[in-house]
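Undergrad: below are the sequence and a predicted model for it; my questions follow.
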2 protein chains.
Amino acid sequence: MVKKPTPDASRRSEKSRRAIYEAALALVAENGYPRTTIEGIAARAGVGKQTIYRWWTSKADVLLDAFLDLAEQGARQSGEEPGEAAEVHGGIPDTGDLAADLKAVLRATVDGLLDPKFEAPSRALAAEGLVNEQLSRELVARLLEPQLQLYVHRLRSAQESGAVRPDIDPRIALELFVSPVAQRWLQHTGPLTYAYTDTLVDYALYGLAPR
Amino acid sequence: MVKKPTPDASRRSEKSRRAIYEAALALVAENGYPRTTIEGIAARAGVGKQTIYRWWTSKADVLLDAFLDLAEQGARQSGEEPGEAAEVHGGIPDTGDLAADLKAVLRATVDGLLDPKFEAPSRALAAEGLVNEQLSRELVARLLEPQLQLYVHRLRSAQESGAVRPDIDPRIALELFVSPVAQRWLQHTGPLTYAYTDTLVDYALYGLAPR
């Protein structure tokens, strides 16, 4: 017989889970991925190691869930106010004006990337992904690719309405405006401003060659 | 009076310098940036620590020079054969066909990024750049930006010939095809093939919207 958790137990679990996520994100931001351990996360969260191993099998597992939770929190928060950030997680708006919709989402992405709560742990995880291909592939599958698929969806709808050429591959096309933002953030190759992301969208849609 | 080095002494210096570069690149690839030390580089290169401090002030300094040297070696090697890689370092060809010139350079870039001699140390350095903004800014200033300026130069020439609209900012425009390659390499978000880089150039030049 499976014991059903009492409401109190489930509240306690939820509180532990949140403490574990916060400890994991703080430790990876402060010490980097290699020096973050399950033991350290447990100690900082004030739970036993076994509590962590009951829910996760590795520190990569805990960290990926902590990031997914952070993204969902961001989506929930911005869903309560009519901010643009909601769209990044909840789907890309389709007002019929593709350029305007993409510009709004990229501006929200810039805000998210420069949010200090997000930036330090994200950099630590991305840095480990560079030299740890397995972690990188999990990051892509669970975090990055689902976000990129929102652009694929919006570009497909633009192909149906005639705003994007039918022979374009949306999965590659989105990289023309998403990857420049990613590279500036990853490598500090230039400032991330709204004027910059607006320009990327215009260049990608209308091309560099004269029309 | 300054002592002029004898030819023998200068050959010995050149040999030490090369050994130091090779040791630095190997150690950063094997152990990562934080665990690479001047002492370790000296030991592996078979030179005294003072030999390193005579030429450089920090390990970041040695590593950046080692990378510049690697890039120059690549340029020299490919300059001897009629390969495309020569163009990446020596400037971007200007045959009058912008699409063809950009495609050739990006294909060579893909070859360079996937070269095992280059890949492991580059990943280690890029990973450190993610969490070490000062190193990242030196990397950009000394390695990345000079390469990006070759594209700026080629795009300006295309603006003069009418192949690129005069109101385009070349420094942003180049990111439409360079950054997607960088992101796929940095984050494993997709395969790096010639078909892919060719497509990026076509999309960037002609845009996603119907003409």
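TA: In hand now; what should we look at?

Undergrad: burial check on the closest residue to residue A:26 other than its chain neighbours, number of neighbours?
TA: Excluding the flanking residues, the one nearest residue A:26 by Cβ to Cβ, 6 or more residues apart in numbering or on different chains is residue A:44, at 6.9 Å. Yep, even glycine has a C-beta here, placed from its N, CA and C like the rest. Neighbourhood size, residue A:44 [other Cβ atoms under 10 Å in any protein chain shown]: 17.

Undergrad: please apply the same query to the one 5 residues further on.
TA: Using other Cβ under 10 Å, the number of residues around residue A:49 comes to 13.

Undergrad: re the thing from before, how much space between the residue nearest to residue A:26 and chain B?
TA: 20 Å (Cβ to the nearest Cβ, to the nearest Å).

Undergrad: same check on residue A:167?
TA: In terms of Cβ to the nearest Cβ, residue A:167 sits 10 Å off from chain B.

Undergrad: can you name the helix or strand that that residue falls in?
TA: Of the helices and strands defined by DSSP states H and E, none includes residue A:167.

Undergrad: would you mind measuring from it to residue A:154?
TA: According to Cβ to Cβ, to the nearest Å, residue A:167 and residue A:154 sit 18 Å apart.

Undergrad: for residue A:173, same thing?
TA: 11 Å.

Undergrad: looking at the two, which one has more neighbours?
TA: More crowded of residue A:173 and residue A:154, by other Cβ under 10 Å: residue A:173, with 25 against 21.

Undergrad: count of neighbours near residue A:162?
TA: 10.

Undergrad: spatially, which residue comes closest to it, not counting chain neighbours?
TA: Per Cβ to Cβ, 6+ apart, closest to residue A:162 is residue B:210, 6.9 Å.

Undergrad: wait, that neighbour touches residue A:165, no?
TA: Yes. Proximity of residue B:210 to residue A:165 meets the contact threshold set by Cβ atoms under 8 Å, at 5.2 Å.

Undergrad: nearest to chain B: which residue in chain A?
TA: Going by Cβ to the nearest Cβ, chain B is nearest to residue A:207 of chain A, at 2.8 Å.

Undergrad: how about residue A:92, phi and psi?
TA: phi -90, psi 130 (degrees, to the nearest 10).

Undergrad: give me the nearest residue to it, chain neighbours excluded.
TA: Using Cβ to Cβ, 6+ apart, the nearest residue to residue A:92 is residue A:154, at 4.2 Å.

Undergrad: mind checking which helix or strand of chain A has the lowest mean pLDDT?
TA: helix A:85-90 (a mean of 46; mean pLDDT, DSSP states H and E).

Undergrad: heading C-terminal from it, find the next helix or strand.
TA: Next along from helix A:85-90, by DSSP H and E: helix A:98-113.

Undergrad: return the set of buried residues in that following helix.
TA: A:98-99, A:101-113 (16 or more other Cβ atoms under 10 Å in any protein chain shown).

Undergrad: helices or strands next to it in the packing?
TA: Contacting helix A:98-113 under the criterion 3 or more Cβ pairs under 8 Å, 6 or more residues apart in numbering or on different chains; DSSP states H and E are the following elements: helix A:85-90, helix A:116-131, helix A:145-161, helix A:175-187, helix A:194-206.
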